[in-house]
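Enquirer: predicted model and sequence below, questions to follow.
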2 protein chains.
Amino acid sequence: MIKNYKCIVAYDGFEYLGWQRQNEGKTIQGVLEKTLTTLLKEKILIHGSGRTDKGVHAYAQVFSFKTTTSVPAENIKLVLNQRLPKSIHINYIEKVDDLFHARYLAKGKRYVYKIWKKESNPFISRYYYCFTKEIDIQRIIDAKEILMGKHDFISFMASKSNVNSTVREIYSIDINNFDDYFEIEFYGNGFLYNMVRIIVQHFINIGLGKLSKEEFNEILLNKKRQFSHKTAPANGLYLKEVIY
Amino acid sequence: MIKNYKCIVAYDGFEYLGWQRQNEGKTIQGVLEKTLTTLLKEKILIHGSGRTDKGVHAYAQVFSFKTTTSVPAENIKLVLNQRLPKSIHINYIEKVDDLFHARYLAKGKRYVYKIWKKESNPFISRYYYCFTKEIDIQRIIDAKEILMGKHDFISFMASKSNVNSTVREIYSIDINNFDDYFEIEFYGNGFLYNMVRIIVQHFINIGLGKLSKEEFNEILLNKKRQFSHKTAPANGLYLKEVIY
C-alpha cells in the first residue's frame, strides 16, 4: 500500500547549492532523496514546499513523499537522522492523507533574515549577514508598512524568474532588535524569487539613510524589475515555517 | 628590519584536519601560512601556542610570526580577514618583542567543552557534543575536585602521544549549566594529547552513574593509559584562551 508522508526538515544551507536536485553538486533535495532511497530500498522522490537558494538555511522546510515501506514513521526519522550529514536534520515525520502535497497545499510562509551588527567571527559568519555600519532600525520600522497587504512585487523579484503572477500578499513584517544582531521576519502567502533578500537590501539602504520611505514606495508602485538594487546575501536567510 | 607579531585567531575547526600544517588536506596553520605568504609576499611560517585536533574549535588560539613587511598590523588584520575563509577570523594582531614565541612562552590555557542536552539540529551539531541521555551534573561537580592541582595525568592521555613529562597542573574546572546545554571549562598550565576530551568522557560516565568518584580517583592514581575509555568528540571542544 502506498503511504504519503509529510516531513519537516532543518538545514544549514551554507555548503549546499540550494534545495533543488541538480545533476552536479550537493543539494538538500538530492541528499534527502539519495538517503531515503537507500534506506527504504525503493526510488523516492520528494516534493519540497518550494526551493531555497544556494546558501539559504531552513528551520522548518516541509516536504512530502510517497512510499510503500512498512517502516514506521518514527523509525524512518531515527535512521534517517543517523545517516544524514550533520547539516541536515529531520525534525518531524508523519503519515498524512494521500492528497497532501508540500508545494501545492502551502498557504503561507515565514522567512527570517538575520543581520549581525558586531565584528564577524567564525561561529556566526555562516548564519548571519555581517554588517557593521550603523543602521537606524526605526527608519525601517516606519517604512515596512508600505509592503503590507496585496501588491504586485515585481520590483523586488530577481530578473531570471518566470512566474504566472507577481502578486503576493504580505501579512506581517516584524523586526526584533537584539544586542548583537537584528532580525526581520516576513510572513506572507508566498514570495517571489529572491524577494525577501531584495527587500532586505532595500531596508538596509533605508536604515542607512540612502533611501527614503517615499522613494521606496515609488519603487513598489513603479512595478519594474530593479536591476540596480542589490540582493542581501543568502547566508542570513532562513525558511522558518510553512503554513498549510 | 624583522618584526615579530602576535596574533589571536578564532576558528570553526569542523572542516579542518586540525591546527598543524600537513602535506595533504586543509589545516588552520596551512591556510594561515598560505594566506600570509601571499599577502606579505615573503615566506611566512607561524608558531601556534599548540596544536588543536581535527574538528576542534578555537575562540582565541595564539600564534606568532616574523616578517620584514612594513604593512601596519591593523592593515594586515583587515586584509587577512578579507582573504581568509569565513571559518577563520583574526581577532587581534600586535607587534611584540623579538623574544615572544607563542608556544614556548605559553603559561596556561583555557579549554571549554560544550554538551547539548536537547535534540540535535544543524545549527548546533558542528559546535556541541549532542548527548540527550540524562546527566547528573552534581555528580560531576562532586568528582571534579579530584583533578585539581598537580598530577601525573598519563591515565587521561591518548596512546599515540610522546612527551617528556605527563605531569600537568589544573588550576580550575568550572561547570556552567544552561537550559539547552552545559559546558565544562578547564584552566591549567597545559594539557596532554586528548586529555580534555578523555576527562570529559569520564565526567559523562560519572554523570550517568556508570563511574563513581572513587573509581575515577583510582584511574588517576593508577597512572596507566586507559585504552578502554573513550574520548569525547572533537566538535564540542574550544581553545578559549592562552595565557602568557
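Expert: Here it is on my side, so go on.

Enquirer: from here on, just use CA atoms for contacts and neighbour counts.
Expert: Will do.

Enquirer: for A:Asp142, helix, strand, or coil?
Expert: With DSSP: H, G, I helix; E, B strand; the rest coil as the basis, A:Asp142 sits in helix.

Enquirer: an error on my part: the question was meant for A:Asn205.
Expert: The assignment at A:Asn205 comes out as helix when based on three-state DSSP.

Enquirer: and it, how many neighbours?
Expert: A:Asn205 sits with 19 neighbouring residues when counted by other C-alpha atoms under 10 Å in any protein chain shown.

Enquirer: once you drop chain neighbours, what's closest to it?
Expert: Closest residue to A:Asn205 in three dimensions, ignoring its sequence neighbours and counting by C-alpha to C-alpha, 6 or more residues apart in numbering or on different chains: A:Leu211, at 5.5 Å.

Enquirer: for that neighbour, grab the count of nearby residues.
Expert: The burial count for A:Leu211: 15, using other C-alpha under 10 Å.

Enquirer: so it touches A:Asn217, yeah?
Expert: No - contact criterion C-alpha atoms under 8 Å: A:Leu211 and A:Asn217 do not qualify, at 10.2 Å.

Enquirer: secondary structure of A:Val9: a strand, I assume?
Expert: Yes - assessed with three-state DSSP, A:Val9 lies in a strand.

Enquirer: how close does it get to B:Glu33?
Expert: Distance, A:Val9 to B:Glu33, by C-alpha to C-alpha, to the nearest Å: 39 Å.

Enquirer: same check on A:Val196?
Expert: Taking C-alpha to C-alpha as the measure, A:Val196 falls 39 Å from B:Glu33.

Enquirer: equivalent analysis for A:Gln20, please.
Expert: 37 Å.

Enquirer: before we move on, what about A:Ile46?
Expert: To B:Glu33, A:Ile46 is 44 Å away according to C-alpha to C-alpha.

Enquirer: cool, and A:Tyr113?
Expert: For A:Tyr113, the distance to B:Glu33 (C-alpha to C-alpha) stands at 35 Å.

Enquirer: same check, this time on A:Ile140
Expert: As for A:Ile140, its distance to B:Glu33 is 43 Å (criterion: C-alpha to C-alpha).

Enquirer: so between A:Val9 and B:Glu33, which is more surrounded?
Expert: Higher neighbour count among A:Val9 and B:Glu33: A:Val9, with 22 against 19, using other C-alpha under 10 Å.

Enquirer: and the residue lying closest to the more buried one once chain neighbours are set aside, how many neighbours does it have?
Expert: Counting by C-alpha to C-alpha, 6+ apart, A:Ile90 is the residue found nearest to A:Val9 once chain neighbours are left out, at 4.4 Å. Using other C-alpha under 10 Å, A:Ile90 has 23 neighbouring residues.

Enquirer: A:Ile90 belongs to a helix, doesn't it?
Expert: No - judged by three-state DSSP, A:Ile90 forms no part of a helix; its state is strand.

Enquirer: residue contacts, it?
Expert: A:7-10, A:77, A:80-81 (C-alpha atoms under 8 Å, 6 or more residues apart in numbering or on different chains).

Enquirer: output these as JSON lines; include the columns pLDDT.
Expert: Listed next are these as JSON lines, based on pLDDT from 0 to 100:
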{"residue": "A:Cys7", "pLDDT": "98"}
{"residue": "A:Ile8", "pLDDT": "98"}
{"residue": "A:Val9", "pLDDT": "98"}
{"residue": "A:Ala10", "pLDDT": "98"}
{"residue": "A:Lys77", "pLDDT": "96"}
{"residue": "A:Leu80", "pLDDT": "96"}
{"residue": "A:Asn81", "pLDDT": "95"}
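
Enquirer: quick check: buried residues in stretch A:86-98?
Expert: A:86-95 (16 or more other C-alpha atoms under 10 Å in any protein chain shown).

Enquirer: what mean pLDDT would you report for it?
Expert: For stretch A:86-98, the mean pLDDT works out to 96.

Enquirer: regarding A:Val62, what is its secondary structure?
Expert: What three-state DSSP gives for A:Val62 is strand.

Enquirer: what sits closest to it if chain neighbours are left out?
Expert: Take A:Val62 and drop its neighbours on the chain: the residue closest to it by C-alpha to C-alpha, 6+ apart is A:Ile8, 4.6 Å away.

Enquirer: quickly list what that neighbour is bridged to.
Expert: Legend: beta-bridge partners of A:Ile8 under DSSP bridges are A:Val62, A:Tyr92.

Enquirer: so it makes contact with A:Ala60?
Expert: Yes - if you go by C-alpha under 8 Å, A:Ile8 and A:Ala60 touch, sitting 5.5 Å apart.

Enquirer: and for these two, which residues touch both?
Expert: A:Asn91.

Enquirer: residues near A:Leu84, how many?
Expert: Other residues lying near A:Leu84 total 16 when counted by other C-alpha under 10 Å.

Enquirer: thought A:Asn222 was touching A:Ser155?
Expert: Yes - using C-alpha under 8 Å, A:Asn222 is in contact with A:Ser155, at 7.3 Å.

Enquirer: the more surrounded of the two?
Expert: A direct count of neighbours by other C-alpha under 10 Å for A:Asn222 and A:Ser155 places A:Ser155 higher, at 22 against 14.

Enquirer: which element is A:His151 on?
Expert: A:His151 belongs to strand A:149-152 when assigned by DSSP states H and E.

Enquirer: need the contact partners of that strand.
Expert: By C-alpha under 8 Å, 6+ apart, strand A:149-152 touches A:166-171, A:220, A:223.

Enquirer: can you give me the buried ones in that strand?
Expert: Applying 16+ other C-alpha under 10 Å to strand A:149-152 flags A:151-152 as buried.

Enquirer: for that strand, the distance to its chain's centre please.
Expert: 19 Å (C-alpha atoms, centre = their mean, to the nearest Å).

Enquirer: report the contact partners of the residue nearest the centre of chain A.
Expert: For chain A, the residue sitting closest to the mean C-alpha position, by C-alpha atoms, centre = their mean, is A:Leu239 at 3.2 Å. Contacts for A:Leu239 (C-alpha under 8 Å, 6+ apart) come out as A:52, A:56-61, A:109-112.

Enquirer: and the helix or strand that contains it, which strands flank it?
Expert: Following DSSP H and E, the helix or strand that holds A:Leu239 is strand A:237-243. Sheet pairing of strand A:237-243 (DSSP bridges) gives strand A:57-67 (parallel), strand A:108-116 (antiparallel).

Enquirer: let's have these in TSV, adding mean pLDDT and mean neighbour count.
Expert: Shown next, in TSV, are the strands paired with strand A:237-243 (pLDDT from 0 to 100; neighbours: other C-alpha atoms under 10 Å in any protein chain shown):
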stretch	mean pLDDT	mean neighbour count
strand A:57-67	98	23
strand A:108-116	98	22
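
Enquirer: which phi and psi values does the closest residue to A:Ala143 other than its chain neighbours adopt?
Expert: The shortest distance from A:Ala143 to any non-neighbouring residue, by C-alpha to C-alpha, 6+ apart, is to A:Lys213 (5.2 Å). Here is the backbone geometry of A:Lys213 (degrees, to the nearest 10): phi -60, psi -40.
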